[in-house]
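# Here's a sequence, model it:
(one chain, ligands or ions: 3)
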Amino acid sequence: MPEIILPKASEIGRSTTSEVILSAKDLVKHYPIKTGILRRTTGHVKAVDGVSFDLHKGETLGIVGESGCGKSTLGRLLVRLEAPTDGSVEFEGADMAKASGRELRALRRNIQIVFQDPYTSLNPRMTVGDIVGEPLDIHPDVTPKGGRRKRVQELLDLVGLNPEHINRYPHQFSGGQRQRIGIARGIALDPKVLICDEPVSALDVSVQAQVVNLMEKLQDELGLAYVFIAHDLSVVRHISDRVGVMYLGKLAELGEEDEVYDRPTHPYTQALLSAVPVPDPTLRGKREHIVLQGDVPSPANPPAGCRFHTRCWKAQERCRTDVPELILRPDGRGEHFSACHYAEPRAVVDTVDVTDVEPDERFADTDVRDPATIAAVEGQPGMDGPVQDAEGLVEETPEQRAADMSSLTMHDEGHPGKVEDPRP
Ligand SMILES: Nc1ncnc2c1ncn2[C@@H]1O[C@H](COP(=O)(O)OP(=O)(O)OP(=O)(O)O)[C@@H](O)[C@H]1O
Ligand code: SF4
Ligand SMILES: [Mg+2]
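Ligands and ions are numbered 1, 2, ... in the order given. This is a model prediction of the structure:
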């Protein structure tokens with residue numbers, strides 16, 4: 001067996017090719033568990049527990065993993081919505097924790113986030129213009145004086161919405177359109193990095209495809225780098241250049257999209273991939289389905305050694321005590337990062353890279369509308385602009401709008417509305 005030279009912890013998961021724009025170094029986030037009347041800290045939820053990776057200019061890094069493995073927490077740490085318990089995030093080489101004042105504002109401007117649920121992440125009482133324009137108010141130096149409305153309309157146009165709908169409220173848009181509003185807000189400050197936390201998970205499959213296509217278009221036009229967090233492995237494969245697989249707060253595997261999907265070396269990745277539904281009926285029943293034993297352990301008390309050893313069919317004595325490092329390990333063709341002492345490639349699924357299939361049912365440009373419908377809808381009064389993917393988009397009378405707004409105010413007590421920015 002060849003000797004494996006372990007890199008320093010801060011070098012784990014990093015690569016030296018192309019320009020690095022964002023760098024996570026040994027990121028840790030532990031949430032205290034407080035109990036009793038005195039609210040004593042009796043333990044910690046280890047949501048993120050030592051994650052390192054580089055994000056390159058213009059690339060998409062997908063992050064996948066089961067619910068509760070720490071994906072969203074990682075996303076919030078990257079935009080510094082939360083401070084890490086340990087470790088650091090560097091943007092273009094500058095440590096965000098050490099920046100203050102104007103420098104920190106400039107850094108934050110460059111890393112924006114889009115949230116999962118287009119129904120709760122937009123404030124129902126704000127117009128689309130105010131939602132998309134809010135970041136411009138916080139950073140007035142970005143837009144020339146008096147240019148706010150024009151910029152907001154440009155942004156709406158860029159994400160495929162009618163700029164004339166600037167005064168509408170979120171409830172007047174469909175789910176896909178709302179997510180477009182969230183994306184317009186995310187790119188308002190012309191960031192270099194967009195963290196996307198399950199941006200399409202709440203949408204129907206056809207609308208998912210539209211939003212994914214839009215994100216790819218924006219990436220090409222604006223040179224954005226994405227961290228794309230999702231649990232749908234097919235969507236992640238489609239959009240990502242590289243993919244990281246998380247398990248209980250740590251990265252289990254990290255590599256190019258085809259390395260991770262075609263030659264996974266970590267048993268957890270292999271199990272995850274074996275559960276992906278196969279669209280081709282002739283393949284059903286032929287591929288292996290790895291059923292994992294037991295539940296995901298609590299992140300408050302993760303297993304010692306390899307965190308996956310309580311569910312791993314390959315676990316040996318060593319796995320109970322020695323933490324496997326995320327290092328380059330052979331994958332049958334080359335090597336990529338894997339955190340398993342006994343890493344070996346296993347092609348679990350006859351996965352089809354959806355990017356190579358033409359035409360692809362799932363990701364084809366579904367924005368194409370029936371010309372007869374367009375003619376009919378555009379002929380209606382008040383619909384003089386281009387029509388969008390407008391399921392549920394109905395012109396309201398001023399009376400209806402007033403009634404809607406008063407019912408909103410009456411019934412949405414406790415609505416999460418705008419996501420508060422807890423940053424100082
Ligand atoms: N503010 C918080 N306080 C305490 N625990 C938290 C907090 N935020 C997240 N956690 C815990 O941290 C762990 C990771 O949560 P996180 O939301 O990052 O997971 P996730 O991978 O995004 O899950 P999902 O796929 O369901 O969105 C969970 O056990 C969660 O309960
Ligand atoms: S290190 Fe051991 S327990 Fe962990 S994934 Fe590899 S074989 Fe399984
Ligand atoms: Mg999440």
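# can you map out the helices along this protein?
Taking DSSP state H as the criterion, the chain contains helices spanning 71-78, 101-109, 128-138, 148-158, 175-187, 205-222, 233-239, 257-262, 267-274, 371-378, 398-411.
# what would those look like in TSV with mean pLDDT and distance to ligand 1?
For every residue, glycine as well, the C-beta is placed using N, CA and C. Output for the helices of the chain, formatted as TSV (pLDDT from 0 to 100; distance: least, Cβ to the nearest ligand atom, whole Å):
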stretch	mean pLDDT	distance to ligand 1
helix 71-78	96	3
helix 101-109	85	20
helix 128-138	93	23
helix 148-158	94	27
helix 175-187	93	16
helix 205-222	91	16
helix 233-239	92	13
helix 257-262	95	18
helix 267-274	94	13
helix 371-378	45	36
helix 398-411	41	26
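# could those go into JSON lines alongside distance to residue 323?
Conversion of those to JSON lines gives the following (distance: least, Cβ to Cβ, whole Å):
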{"stretch": "helix 71-78", "distance to residue 323": "19"}
{"stretch": "helix 101-109", "distance to residue 323": "32"}
{"stretch": "helix 128-138", "distance to residue 323": "40"}
{"stretch": "helix 148-158", "distance to residue 323": "45"}
{"stretch": "helix 175-187", "distance to residue 323": "36"}
{"stretch": "helix 205-222", "distance to residue 323": "35"}
{"stretch": "helix 233-239", "distance to residue 323": "26"}
{"stretch": "helix 257-262", "distance to residue 323": "21"}
{"stretch": "helix 267-274", "distance to residue 323": "15"}
{"stretch": "helix 371-378", "distance to residue 323": "58"}
{"stretch": "helix 398-411", "distance to residue 323": "50"}
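# Using CSV, lay out those together with mean neighbour count.
Supplementary listing: the helices of the chain in CSV, determined by neighbours: other Cβ atoms under 10 Å:
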stretch, mean neighbour count
helix 71-78, 24
helix 101-109, 14
helix 128-138, 20
helix 148-158, 18
helix 175-187, 25
helix 205-222, 18
helix 233-239, 23
helix 257-262, 22
helix 267-274, 23
helix 371-378, 11
helix 398-411, 11
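# Between those, which one is closest to residue 57.
helix 205-222 (11.1 Å; Cβ to Cβ).
# before we move on, back to that, export the helices of the chain to TSV and append columns for distance to ligand 3.
Output for these, formatted as TSV (distance: least, Cβ to the ion, whole Å):
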stretch	distance to ligand 3
helix 71-78	3
helix 101-109	21
helix 128-138	22
helix 148-158	26
helix 175-187	15
helix 205-222	17
helix 233-239	14
helix 257-262	20
helix 267-274	16
helix 371-378	36
helix 398-411	27
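# Which one of these lies nearest to residue 88?
helix 71-78 (9.7 Å).
# Alpha carbons of that closest one, in PDB - could you do that?
Only the C-alpha atoms of helix 71-78 are listed here, as PDB (Å, rounded to 0.1, in the frame of the first residue of the first chain):
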ATOM      1  CA  LYS A  71     -25.400  22.600   4.600                       C
ATOM      2  CA  SER A  72     -27.400  25.800   5.500                       C
ATOM      3  CA  THR A  73     -25.200  26.600   8.400                       C
ATOM      4  CA  LEU A  74     -22.200  26.400   6.100                       C
ATOM      5  CA  GLY A  75     -24.000  28.700   3.700                       C
ATOM      6  CA  ARG A  76     -24.600  31.200   6.500                       C
ATOM      7  CA  LEU A  77     -21.000  31.100   7.600                       C
ATOM      8  CA  LEU A  78     -19.800  31.800   4.100                       C
END
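# List the buried residues in stretch 161-178.
Within stretch 161-178, the residues that qualify as buried are 161-163, 165-166, 168-178, counting by 16 or more other Cβ atoms under 10 Å.
# Show the contacting residues for whatever residue of the stretch 251-400 of the chain ends up closest to ligand 3.
Closest residue of the stretch 251-400 of the chain to ligand 3, Cβ to the ion: residue 299 (12.9 Å). Residue 299 makes contacts with 45-47, 68, 70, 248-249, as judged by Cβ atoms under 8 Å, 6 or more residues apart in numbering.
# can you check residue 186 too?
For residue 186, the contact set (Cβ under 8 Å, 6+ apart) comprises 112-114, 194.
# go with 10 Å
Contact analysis of residue 186 by Cβ atoms under 10 Å, 6 or more residues apart in numbering lists 112-115, 132, 135, 155, 159, 194-196, 199, 215, 218, 224.
# And it, how far from residue 229?
According to Cβ to Cβ, to the nearest Å, residue 186 and residue 229 sit 14 Å apart.
# Find the residues that touch each one of these two.
With Cβ under 10 Å, 6+ apart as the test, residue 186 and residue 229 both reach 113-114, 195-196, 199.
# Lowest-confidence one in the contacts of residue 299?
Of all the contacts of residue 299, residue 68 carries the smallest pLDDT score, 92.
# give me the number of residues near that residue?
Neighbourhood size, residue 68 [other Cβ atoms under 10 Å]: 15.
# Which positions in the stretch 251-400 of the chain make contact with ligand 1?
Contact residues (Cβ under 6 Å from any ligand atom) of the stretch 251-400 of the chain with ligand 1: residue 299.
# Enumerate the residues of the stretch 251-400 of the chain near ligand 2.
With Cβ under 6 Å from any ligand atom as the criterion, the stretch 251-400 of the chain meets ligand 2 at residues 266-267, 306, 308-309, 312, 314-315, 319, 324, 340-342.
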